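structure, please.
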Amino acid sequence: MAVLCCYCRNRLAARHRQGLCRPCADDPSIPRPHSKFANRGTGNVPPTALPEPTAVPPGPARVAVLEQRALAGQALWSPLDAHLED
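Predicted coordinates for the structure are as follows:
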């Protein structure tokens, strides 16, 4: 299956060029797609520690907890967080 360039959609994309064709990959004015290897979160630092588990159920209140964890430089998810089944 041929994959087209994710920018111009005219030429075949090369996998090692992040989904872009050669002319688009060589053009510095074209934004690069996000790489799965890019740093994520607030800033460019990896999370430093696992957070304390929360009893807050998934939903709008959990988003506030995730935001606090991100600002503190912690991992967003703890394996002991409350789940929908709890």
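
residue 26 and residue 14: what is the separation?
11 Å (C-beta to C-beta, to the nearest Å). (Each C-beta comes from the backbone N, C-alpha and C, glycine too.)

what mean pLDDT does the lengthiest helix in the chain get?
What stands out as the longest helix in the chain, according to DSSP state H, is helix 60-71. Helix 60-71 comes out with an average pLDDT of 90.

next: stretch 27-38.
On average, the pLDDT along stretch 27-38 is 66.

check contacts around residue 19.
3, 5-6, 13, 33 (C-beta atoms under 8 Å, 6 or more residues apart in numbering).

just the buried members of the residues you listed?
Neighbour-count burial (16 or more other C-beta atoms under 10 Å) applied to those gives 5, 13.

okay if I get the contacts of residue 19 as a markdown table plus secondary structure?
Formatted as a markdown table, those follow (DSSP: H, G, I helix; E, B strand; the rest coil):
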| residue | secondary structure |
| --- | --- |
| 3 | coil |
| 5 | coil |
| 6 | coil |
| 13 | coil |
| 33 | coil |
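
C-alpha coordinates for stretch 2-10, PDB please?
The C-alpha coordinates for stretch 2-10 follow below in PDB (Å, rounded to 0.1, in the frame of the first residue of the first chain):
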ATOM      1  CA  ALA A   2       1.500   3.300  -1.100                       C
ATOM      2  CA  VAL A   3       1.400   6.200   1.500                       C
ATOM      3  CA  LEU A   4       1.200   9.700   0.200                       C
ATOM      4  CA  CYS A   5       3.100  12.600   1.700                       C
ATOM      5  CA  CYS A   6       1.200  14.000   4.700                       C
ATOM      6  CA  TYR A   7       1.900  17.600   3.600                       C
ATOM      7  CA  CYS A   8       1.500  17.800  -0.200                       C
ATOM      8  CA  ARG A   9      -0.500  14.600  -0.700                       C
ATOM      9  CA  ASN A  10       0.900  14.300  -4.300                       C
END
